[in-house]
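Q: model this:
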Amino acid sequence: MILAIDPGKEKCGVALMSENGNVLSRRVVPRQELSLSIIDHVASNRINSIVIGAGHFGSEVETELKKRGLSTEINFVSEKDSTWQAKKLYWQQNPPKGWRRLFPTSFLSPPIPIDGYAAEIIGLRYLKLL
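A: Just a heads-up that it's a prediction; the model follows:
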């Protein structure tokens, strides 16, 4: 199992994934609760690796986790275009309905925060499935 994280200033996406890329859970966590959430995930699942988006906030997340004594392997993966790809992934998995289906999805905004989908993109990049 891997735990993929899209780190942000105020909220972070977290995706728990199997080694073959299947998403077991995906959620958005407030930034101040991230390290406790990760510790809980590691304790309750067999996490082999943590994958963090290599943006500005990624190193801060790594520092927080190490301060809490987390010994799980931490890897960094590029975050480049992950938000755009997350939006595309959201619409692939949740096709628009009603009048929204008449517009290209590139013009639509998802009705929920897509940080969890961005974490999934980061996990798929780590697994070299994207």
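Q: quick one: Glu10 from Arg31, how far?
A: Distance, Glu10 to Arg31, by CB to CB, to the nearest Å: 5 Å. The way it works is simple: take the backbone N, C-alpha and C, and place the C-beta from them, glycine included.
Q: which residues touch the least confident helix or strand in the chain by mean pLDDT?
A: Least confident element among the helices and strands of the chain, by mean pLDDT, DSSP states H and E: helix 34-44 (a mean of 84). If you take CB atoms under 8 Å, 6 or more residues apart in numbering as the criterion, helix 34-44 is touched by 3, 5, 7, 12, 14, 16, 29, 47, 50, 61, 64-65, 68, 70, 72.
Q: neighbour count winner among Glu10 and Arg31?
A: Legend: neighbour count by other CB atoms under 10 Å for Glu10 and Arg31, higher for Arg31 (16 against 9).
Q: does that one really touch Cys12, like I thought?
A: Yes - with contact defined as CB atoms under 8 Å, Arg31 reaches Cys12; the gap is 5.8 Å.
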